[in-house]
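**Q** Let's see this in three dimensions:
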Amino acid sequence: MHKKNIVSAGKPLPATDKVLVLLHGRGGSAEDILGLADHLSVKDFALLAPQATNNSWYPYSFMAPVEQNEPWLSSALSLLEDLVKELKASGKKEENIFFGGFSQGACLTLEFVTRNAARYGGVIAFTGGLIGEKINPENYKGDFAGTPVFIGTSDPDMHVPVARVYASSNILRDMNAAVVEKVYPGMGHTISGEEVLEANKLLEARV
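**A** Down below sits the predicted model:
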């Protein structure tokens, strides 16, 4: 199961009301994903990056049957749930809590926020979709109340089929998220400069 190991950067938590939770991809690290913040408009944010045990949030593809990714997936989701509870207990408002992730971290980000929909500051998913062999709408509850969401992906992407990105976006829209979805032909499994610009639009709109 995932041990709680959260690496922080940016402003100290007590010194700001805005928090960005960043989730690394498979084989990555908290430090890697915090490096992305050098390119993001987050000078007034506290940055928190949980570290996955063994550098992976769950063992198989995000489109494997969910039971194959247990108990790791549930452990990752509960780690995020606990983190958000702690932030709220310390006085942070949901509307000032932002989430971002890449690849496996983007899938986990989308899965967590959609299971716990609320008016968050914003959600940034660099190449990701909702988790499961098939999407199970019964897992998702709440109302995003206009939360801005950016989902960017490559067509094709070796890990994330574009059809799953579209299906995920539609579920978030049905739950009142303001989704901007961009598909970049032949981008590859990476984060592009154009995606960073989209992410910054979202972050700056809430400053």
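
**Q** Which parts of the protein are helices?
**A** Assigned helices in the chain, in chain order: 30-36, 72-89, 104-115, 162-174, 193-205 (criterion: DSSP state H).

**Q** Which one, of those helices, ends up nearest to Tyr140?
**A** Tyr140 lies closest to helix 104-115 among the helices of the chain, at 4.7 Å (Cβ to Cβ). (Each C-beta comes from the backbone N, C-alpha and C, glycine too.)

**Q** tell me the average confidence for the closest one?
**A** Averaging pLDDT along helix 104-115 yields 98.

**Q** I'd like the distance from it to the chain centre, please.
**A** Computed by Cα atoms, centre = their mean, to the nearest Å, the chain-centroid distance of helix 104-115 equals 5 Å.

**Q** Point out where the chain drops to low pLDDT.
**A** Applying pLDDT under 70 to the chain flags the ranges 206-207.

**Q** In space, not sequence, find me the middle residue of it.
**A** Thr109 (2.7 Å; Cα atoms, centre = their mean).

**Q** Glu195 versus Gly142, what's the distance?
**A** 26 Å (Cβ to Cβ, to the nearest Å).

**Q** Who has more neighbours out of those two?
**A** For Gly142 versus Glu195, the count of surrounding residues by other Cβ atoms under 10 Å is larger for Glu195: 24 against 14.

**Q** list the contacts for that one?
**A** Each residue near Glu195 by Cβ atoms under 8 Å, 6 or more residues apart in numbering is listed here: 126, 150, 152, 182, 184.

**Q** Check whether the residue nearest to the centre of the chain really touches Ser103, as I assumed.
**A** No - assessed by Cβ atoms under 8 Å, Thr109 is found out of contact with Ser103, at 10.3 Å.

**Q** Now for these two: what residues contact both?
**A** Shared contacts of Thr109 and Ser103, defined by Cβ under 8 Å, 6+ apart, are found at Gly128.

**Q** if we can go back for a sec, which ones among the contacts of Glu195 are found in strands?
**A** Using DSSP state E, the members of these that fall in strands are 126, 150, 152, 182, 184.

**Q** Of those residues, which is the most crowded?
**A** Neighbour-wise, these (other Cβ under 10 Å) top out at Phe126, 26 neighbours.
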